[in-house]
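Undergrad: could you look at this predicted model? Sequence included:
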Amino acid sequence: MSNLSSNALPSPPSEINLIELFHTIWKQKVLILGFVVLAGAIGTIITFSIPREFQVSSLLRPTAINELDALNRSQVYTLPPTEALNKVGARLDSYEARFDFFKANPELFKPFNKPDQSLEQGFEAFNRNSISLVLPDPKKTELSSYIRLDMRYPEGVDGVAITNGFVDYALALERVQVGADLKVIVDNRLAEVKGKISAARSSYDTGKESKIAEFIERDNVKRAQLKDELAGLRFQMSVVRSNRLAELTEAISIAKVMGIKLPTTPSSIASSSGDSSGRGMRTEVNNRAIPLYFMGTDALEAEVATLRRRSNDDFTNGRIAEIGKELKMLESNREVEILNQRKNEDIFIQNIDPLRAENARLRNINTDMSNLKLVSVDRRAQEPIGPTRQFRTSIIPLSLFFGLILGVLIALARQAILNRQDGLSPRTLRRPEVQVQQGDFLSKI
């Protein structure tokens, strides 16, 4: 029994006999061909069940400097071309802008709206799988910056209309945003300028009122001083008249005692009391004023009567007339009248002309940005020539290849199982040469 086992199970050879292997495979070519055909059919079904996809793109570049010159020359809003491109790119990449465009165009996005899905779910599928924004690689040196909007879509979707429409929609939104920003800035500047003008006018009004008050106060002080001076002069003249009356009354008494009725001089009195026969010339040298009683009682009494009948003494002092003139002039202040009669007071406000010019300039700024060219559309989306290169073109060859491999493996496995079953049968055990051949075949496999 041991000899039979040693003769029936020789050691397997170290090399595979390719001819016998090919012969084994060729004998089961029908089986292998069947797997190849089956795999090809499956691959064909898969290929034609996958919808064709198309791709379009729109390329945006920075606009020319002169397109934004009017906006930048406004001196209130600065927008370089590259920054404008970045703003448009941010708008194209905005979830809100995409969703609003999706909701605003239900006919274009009808293929993306499934009956069992909500509007947000349909948009999420479109936003995640169909549209993408491509930016230049910062590691590479580009001739100019750009933004590209790519869209992949299945057959039956108007991808060109969606891409171009979304670009136009984003540009319109950004123009509206720039116009709104410009209007807010202009309104803020106008409010600031108006505030400065109002402050200047308030300061002018305050200065004007202060000046008028100063003029009126100065006139009131001057008027009060003149009235005080007039009262003082009149009191002084009243005292002088009283003193004059007292002096005249005393002189009248003296004149009556001396018997002087008519005006005379001391020399005349001396000559009348002495020898009248002597001849000669007398000269009176006296540096003292002649006393009043030498005026005589008649003249003195007449003066007293006149002084007592006098109602006022204003005519006796020239200063009183001057005070009256000054008081008359103070009745109306021409400077105050001129200040109150000003009609256009803005021309008298200092440093208001630049503010008024700035106010007029800001009012003339056009905030309508509907025609503003933010970016240059270098290439709009066009109808694609054909579908994109997909892996569906290689599905059939790959399926045929895998079917061939699978058929060969199954054929070899089947032959191995058959050989093992033959080797374990009683008839095979009595034929050592058959066992050797089967062992050789298995070792080759």
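TA: Sure thing, it's come through.
Undergrad: quick check: longest helix of this protein.
TA: Looking across the chain with DSSP state H, the single longest helix is helix 159-258.
Undergrad: just checking, what packs against it?
TA: Here helix 159-258 is seen to pack against strand 53-62, helix 81-92, helix 95-104, strand 147-154, helix 296-309, helix 318-329, helix 334-340, helix 353-363 when contacts are counted using 3 or more CB pairs under 8 Å, 6 or more residues apart in numbering; DSSP states H and E. C-beta: built from backbone N, CA, C; applies to glycine.
Undergrad: contacts for the first one, please.
TA: Strand 53-62 is touched from outside by 81-82, 84-85, 88-89, 134, 144-155, 159-160, 163-164, 167, 375-384, 386-388, 390, with contacts defined as CB atoms under 8 Å, 6 or more residues apart in numbering.
Undergrad: how near is Q350 to Y204?
TA: Distance from Q350 to Y204, counting by CB to CB, to the nearest Å: 8 Å.
Undergrad: equivalent analysis for D346, please.
TA: According to CB to CB, D346 stands 8 Å off from Y204.
Undergrad: before we move on, what about N333?
TA: Shown here: N333 relative to Y204, a distance of 19 Å by CB to CB.
Undergrad: can you check S94 too?
TA: When distance is defined by CB to CB, S94 is 50 Å away from Y204.
Undergrad: kindly report the same for V240.
TA: Taking CB to CB as the measure, V240 and Y204 are separated by 53 Å.
Undergrad: who has more neighbours out of these two?
TA: Between V240 and Y204, counting by other CB atoms under 10 Å, Y204 is the more crowded of the two (16 against 13).
Undergrad: just give the nearest non-adjacent residue to the more buried one, would you?
TA: Excluding its sequence neighbours, the residue lying closest to Y204 (CB to CB, 6 or more residues apart in numbering) is I349, at 4.5 Å.
Undergrad: cool, and S399?
TA: G43 (2.6 Å).
Undergrad: the one you found touches I395, doesn't it?
TA: Yes: taking contacts as CB atoms under 8 Å, G43 lies within contact range of I395: 4.9 Å.
Undergrad: which outside residues touch stretch 346-357?
TA: Defining contact as CB under 8 Å, 6+ apart, one finds that stretch 346-357 is touched by 193, 196-197, 200-201, 203-204, 342.
Undergrad: show the average pLDDT along it.
TA: Across stretch 346-357, the average pLDDT comes to 85.
Undergrad: what are the buried residues along that stretch?
TA: Residues of stretch 346-357 classed as buried: 349, 352, 355 (neighbour count, 16 or more other CB atoms under 10 Å).
Undergrad: kindly check the end-to-end length of it for me.
TA: End-to-end distance for stretch 346-357: 13 Å, by CA to CA, to the nearest Å.
Undergrad: now do it: distance to the chain's middle.
TA: From the chain centre to the centre of stretch 346-357 is a distance of 26 Å (CA atoms, centre = their mean, to the nearest Å).
Undergrad: go on, stretch 201-219?
TA: 39 Å.
Undergrad: send me it as PDB with only the CA atoms.
TA: Once side chains and other backbone atoms are set aside, the C-alpha atoms of stretch 201-219 remain, and they are given as PDB (Å, rounded to 0.1, in the frame of the first residue of the first chain):
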ATOM      1  CA  ARG A 201     -24.600 128.700   9.600                       C
ATOM      2  CA  SER A 202     -25.200 128.200  13.300                       C
ATOM      3  CA  SER A 203     -21.900 129.600  14.100                       C
ATOM      4  CA  TYR A 204     -22.600 132.600  11.800                       C
ATOM      5  CA  ASP A 205     -26.000 133.200  13.400                       C
ATOM      6  CA  THR A 206     -24.500 133.000  16.900                       C
ATOM      7  CA  GLY A 207     -21.700 135.400  15.800                       C
ATOM      8  CA  LYS A 208     -24.300 137.700  14.200                       C
ATOM      9  CA  GLU A 209     -26.500 137.700  17.300                       C
ATOM     10  CA  SER A 210     -23.500 138.300  19.500                       C
ATOM     11  CA  LYS A 211     -22.400 141.200  17.300                       C
ATOM     12  CA  ILE A 212     -25.800 142.700  17.300                       C
ATOM     13  CA  ALA A 213     -26.100 142.300  21.100                       C
ATOM     14  CA  GLU A 214     -22.600 143.800  21.400                       C
ATOM     15  CA  PHE A 215     -23.600 146.800  19.300                       C
ATOM     16  CA  ILE A 216     -26.900 147.300  21.200                       C
ATOM     17  CA  GLU A 217     -25.100 147.000  24.500                       C
ATOM     18  CA  ARG A 218     -22.500 149.400  23.500                       C
ATOM     19  CA  ASP A 219     -25.200 151.900  22.400                       C
END
